[in-house]
Each structure stands twice: as structure tokens, then as C-alpha cells.
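1. Quick one: sequence plus predicted model below, questions after.
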Amino acid sequence: MRNLRIAATALAVGWIMLLHNSASGQFNNQGQAAPGAHNSSSQTTTPGLPPIAPDLTPPPQMEQDQAKMRNLERQKQIVSDTQKLLALANQLKEDVDKSNKDTLSLDVIRKADEIEKLAHSVKEKMKGS
């Protein structure tokens, strides 16, 4: 999960740097300063027109790829949380089966609370919020 976030962040930073460098025209293909380029401003200028800041919005394909990555990560978390939920529910059933009508342990109550919180978390992730 962490590696996926790091990769997505690195990809986004790379795109932003690429877009900025290509918009400013100050670097050649090797990332070195082009002859006669100056670094006094990050804005591009055209004679007779006011300076224009480069457009740093990511391309639509990149946004779609990031959305797909987020959905895949969310799906993995849902599967993992659902497996935990099933294990806790089975443990709770075993604990309740061992108890009688006069005893109810604090462990059973804590487990039920944990199941409730986890179930709510899974529900919210399924909504995509």
C-alpha cells in the first residue's frame, strides 16, 4: 500500500516537472539548461503578450490512471478488512458458544465493538467515500 502511494506520488511529481520544463522551454532533452535560457522566472513570455504561467494540470490519462490505482488500493483494503471481519465474527461466535446465560465476558463485548467499527469502515470504503 505504501509503495503504491510512493510510486503514484513520484509519477505525479515527474509529470509536473516534465510539464513545467516543456512549458518553460528552458531545458533540452537531457534536462540541461538550453543555450541562452534564463532562470529568472518560471513563466513563459511572448513579445507583446503578458506573461503566462505554465499549465500544470495533469493530463486526463494520468488522472484516470491515478483513479484506477486508488480504486485498486481501496478494493485490496476492503478484502483485507472483510477477512479480518470474518475471523473476528468466528471468534465471537466461539466465545458466545462457550458462555452461558449468566456470564458474558468483557472480551466478548470488546470483540463485538471491534466488529462493529470494522463493519462500518468496510461499508464506508464500499461507498467509495
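-> Nice, thanks for sending it over.
2. What distance do you get for the closest residue to Ile78 other than its chain neighbours to Gln91?
-> What sits nearest to Ile78 in space, not counting adjacent residues and going by C-beta to C-beta, 6 or more residues apart in numbering, is Lys125, at 5.1 Å. In this view, the C-beta of every residue, glycine as well, is placed from N, C-alpha and C. According to C-beta to C-beta, to the nearest Å, Lys125 and Gln91 sit 22 Å apart.
3. and if you look at Pro58?
-> Computed as C-beta to C-beta, the Pro58 to Gln91 distance reads 45 Å.
4. Helices of this protein, residue ranges please.
-> Taking DSSP state H as the test, the helices found in the chain are 2-24, 60-98, 106-127.
5. Quick one: those as JSON lines, columns for distance to Ile52 and mean pLDDT too.
-> Below are those laid out as JSON lines (distance: least, C-beta to C-beta, whole Å; pLDDT from 0 to 100):
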{"stretch": "helix 2-24", "distance to Ile52": "9", "mean pLDDT": "55"}
{"stretch": "helix 60-98", "distance to Ile52": "21", "mean pLDDT": "92"}
{"stretch": "helix 106-127", "distance to Ile52": "41", "mean pLDDT": "91"}
